[in-house]
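Colleague: Sharing a sequence plus its predicted fold:
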Amino acid sequence: MALSLDDIRGLFEQHGALAYSGEPVTQLEHALQSAALAEQEGAGDELVAAAFLHDLGHLLNRFGETPTARGIDDLHQYFALPFLRPVLPDAVLEPIRLHVDAKRCLCAIDAEYFGHLSVDSVRSLELQGGIFSKEEADAFLSKPYAEDALRVRRWDDLAKEANRPTPDLDHYLEVVERVMSAHSVA
């Protein structure tokens, strides 16, 4: 079953007020901030949509507010994909799928990256398989959409600021709608 634009709106309206994994923002605020950061960097609609939807799996597969505190990796990067695949292109889906591995890669290739992770991101890193080896990082970087996933990951890390102003839900649903429309024509 594919998620429609109304389904996505409903998920954010019903569950977007949940805390985002021990951070000072809600799930909706995190999504809006991620997408706003993508827009500020001049990303195209597909990457803005990926930034906005990258944690949608948390809203579909709710284990509670902070599953990592209970030792659970909710595999959120995969959970939304079957519902989005019929309506969105790989340019949106692959950065979503790869954004967790992008964190593992960035820890391996950027000496300062790990030190900037939040407490929950460090905890989830271990549950998600830990820091990549050099070989794993090289293999990751050779994948299509790896660079886009690294960008989504960096926006994800920055999108945890209480009370940061952003465009609203409707603004980013319009972006997703444009991408869906273009994908259905292709």
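Modeller: Noted; the coordinates are in hand.

Colleague: What strand or helix carries the closest residue to P89 other than its chain neighbours?
Modeller: The spatially closest residue to P89, leaving aside those adjacent along the chain, is H183, at 4.8 Å (C-beta to C-beta, 6 or more residues apart in numbering). Any C-beta I mention is one placed from the backbone N, CA and C, and that applies to glycine too. Element membership for H183 (DSSP states H and E) is helix 169-185.

Colleague: Who are the packing partners of the stretch of helix or strand A50 belongs to?
Modeller: Using DSSP H and E, A50 sits in helix 45-53. Under the contact criterion of 3 or more C-beta pairs under 8 Å, 6 or more residues apart in numbering; DSSP states H and E, helix 45-53 touches helix 27-40, helix 90-109, helix 146-158, helix 169-185.

Colleague: The same query, at a cut-off of 10 Å, please.
Modeller: Using 3 or more C-beta pairs under 10 Å, 6 or more residues apart in numbering; DSSP states H and E as the contact test, the elements touching helix 45-53 are helix 5-15, helix 27-40, helix 90-109, helix 146-158, helix 169-185.

Colleague: Dead centre of the protein: give me the residue that sits there.
Modeller: By C-alpha atoms, centre = their mean, the mean C-alpha position of the chain lies nearest to H54, the distance being 2.4 Å.

Colleague: Surely it touches E94?
Modeller: No: judged on C-beta atoms under 10 Å, H54 makes no contact with E94 at a distance of 11.1 Å.

Colleague: Which residues are in contact with each of those two?
Modeller: Applying C-beta atoms under 10 Å, 6 or more residues apart in numbering, one finds that H54 and E94 are jointly contacted by 149, 152.

Colleague: Okay then, goodbye and thanks.
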